[in-house]
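Novice: after the sequence you'll find the predicted model.
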Amino acid sequence: MKRFLLKIWKLFPAWLQQIASRIIRPLFQVFSAAVIFDDQKRIFLVKLTYQRFHPWGMPGGGLEYGETGIEAVIREVWEETGLNVEVEKLLLNKTFQPDKFAMYYLCTIKNGVFQPSDEVSEYGYFTLDKLPDVRPRDYALINEIYEVMGFKEHELA
């Protein structure tokens, strides 16, 4: 059933997804996402099955009632990828109009083997200059994450 609903969701235009999301979810959506790097400072991204445009992004999702941000990011990564992660620290909090609050946690993969799910079809590690098709706002977000991590060299004025 979930797979069927995700396929239908993918067909909705963005404006209809937003309206439907407002009906079935709380007025302010809170989600957690995992920021994972390999030893070459490449970021871990997943390809979402339900996004028709710009399907790549960080693994994560909405909090369930009574759940902390840390619990949510651990659960979401496992559900989406089959990987177990350990949270090192909170990197960023961000708000997005009109109604989203996001927590980005620096995580490391403890164990597991990637398994495609109903929500995620593949994964990869990417350098900042060779990102796949991510949402336009995620380019700025990923750049900010690289700055927070100290991975970006700043040019002197």
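Specialist: Ah, there it is. Numbers count the residues shown, from 1 in each chain.
Novice: and residue 22, helix, strand or coil?
Specialist: helix (DSSP: H, G, I helix; E, B strand; the rest coil).
Novice: what about the closest residue in space to it that isn't next to it in sequence, how many residues nearby?
Specialist: Nearest residue to residue 22, sequence neighbours excluded (Cβ to Cβ, 6 or more residues apart in numbering): residue 99, at 7.7 Å. Glycine gets a C-beta too; all of them are placed from N, C-alpha and C. Here the number of neighbours of residue 99 (other Cβ atoms under 10 Å) works out to 15.
Novice: what of residue 131?
Specialist: Residues near residue 131, counting by other Cβ under 10 Å: 16.
Novice: so it makes contact with residue 56?
Specialist: Yes. Using Cβ atoms under 8 Å, residue 131 makes contact with residue 56 at a distance of 7.5 Å.
Novice: shared neighbours, those two?
Specialist: Counting by Cβ atoms under 8 Å, 6 or more residues apart in numbering, the residues touching both residue 131 and residue 56 are residue 45.
Novice: now the strands for the chain?
Specialist: Taking DSSP state E as the criterion, the chain carries its strands at 29-36, 43-48, 56-57, 60-62, 83-96, 100-112, 120-126.
Novice: how close does the closest residue to residue 10 other than its chain neighbours sit to residue 30?
Specialist: Nearest residue to residue 10 in three dimensions, chain neighbours excluded: residue 50, at 4.8 Å (Cβ to Cβ, 6+ apart). Using Cβ to Cβ, to the nearest Å, one obtains 19 Å as the distance from residue 50 to residue 30.
Novice: residue 16 too?
Specialist: From residue 16 to residue 30 the distance is 22 Å (Cβ to Cβ).
Novice: the more surrounded of these two?
Specialist: Between residue 16 and residue 30, residue 30 has the larger neighbour count (other Cβ under 10 Å), namely 16 against 11.
Novice: show me the contacts for the more buried one.
Specialist: Contacts of residue 30 (Cβ under 8 Å, 6+ apart): 62, 63, 69, 100, 101, 102, 103.
Novice: dump these to TSV, plus pLDDT.
Specialist: Below are those laid out as TSV (pLDDT from 0 to 100):
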residue	pLDDT
62	93
63	94
69	97
100	88
101	93
102	95
103	97
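Novice: what's the closest of these to residue 90?
Specialist: Ranked by distance to residue 90 (Cβ to Cβ), the contacts of residue 30 are led by residue 103 at 6.2 Å.
Novice: thought the closest one was touching residue 89?
Specialist: No. Residue 103 is not in contact with residue 89 according to Cβ under 8 Å; the separation is 11.1 Å.
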